[in-house]
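Asks: Give the three-dimensional model of this entry:
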Amino acid sequence: MIERLALLIASKIKQFESVTVSIDIMAYEIGRKLNNYIIILLTLLLSYINGTLIFSTVAMISFVCIRKYSGGLHMKSYLSCIISSVAIFIFVPMVRLNTLGTDFLLSISFIIYLFYAPNVFTGNTHPESWMRKAKIISIVLVIIAFYIQLSTVSLIFFLQAILILPWKGGARKLWGKC
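Replies: Down below sits the predicted model:
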């Protein structure tokens, strides 16, 4: 659905503008942007209706911050990404953890980020120095979360940590050790 819309938009741009980029590359980038905008809009709308607007916004921002540096698995389609992302951003704020639960999830997350962040599944385009910095930033974000003590942030960091694990038979790290 989004893929077709992105391809249609890219075709129209190519038809009316003299751009040197291929339609497929334009469609991919337009699809990524549409995907992000739809996730943000649906999350804001549904969380407003649900009464969790602030914590859903915190969930989105936390996810973007940790994912930028930790990498992780991507969904196979934009629609599955939208559905899973919006569901996470809507339902995670409804879960309330006590300090012990928050610390437990952050401790597990810390260990996962320590050993696996950043985990790039689609190919490594970053230099080794960036990979080391990304690992450090991921770990520092988790340490900061220990001080913030928000169950929403701890759950988001834990769910993202699951996405960087190299599951058996799945993607493996494509770069050396940090």
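Asks: Now do Ile49 against Arg96, distance only.
Replies: Distance of Ile49 to Arg96, computed by Cβ to Cβ, to the nearest Å: 20 Å. All C-beta spots, glycine's among them, are computed from the backbone N, C-alpha and C.
Asks: got it, and Ser151?
Replies: According to Cβ to Cβ, Ser151 and Arg96 sit 6 Å apart.
Asks: Pick out whichever of these two has more residues nearby.
Replies: Neighbours were counted for Ser151 and for Arg96 using other Cβ atoms under 10 Å; Ser151 has more, 18 against 11.
Asks: Could you list which residues are in contact with the more buried one?
Replies: Contacts for Ser151 were tallied using Cβ atoms under 8 Å, 6 or more residues apart in numbering; they are Val95, Arg96, Leu97, Gly101, Thr102.
Asks: Just the pLDDT for it.
Replies: Looking at Ser151, its pLDDT stands at 96.
Asks: Over to Ala171?
Replies: On pLDDT, Ala171 comes in at 46.
Asks: which stretches of the chain form helices?
Replies: Applying DSSP state H to the chain gives helices spanning 2-16, 23-50, 53-70, 78-91, 99-116, 128-148, 151-163.
Asks: what's the nearest residue to the residue nearest the centre of the chain if we skip its chain neighbours?
Replies: With distances taken as Cα atoms, centre = their mean, Arg67 lies nearest the centre of the chain, 4.6 Å away. Closest residue to Arg67 apart from its sequence neighbours, by Cβ to Cβ, 6 or more residues apart in numbering: Gln160 at 5.7 Å.
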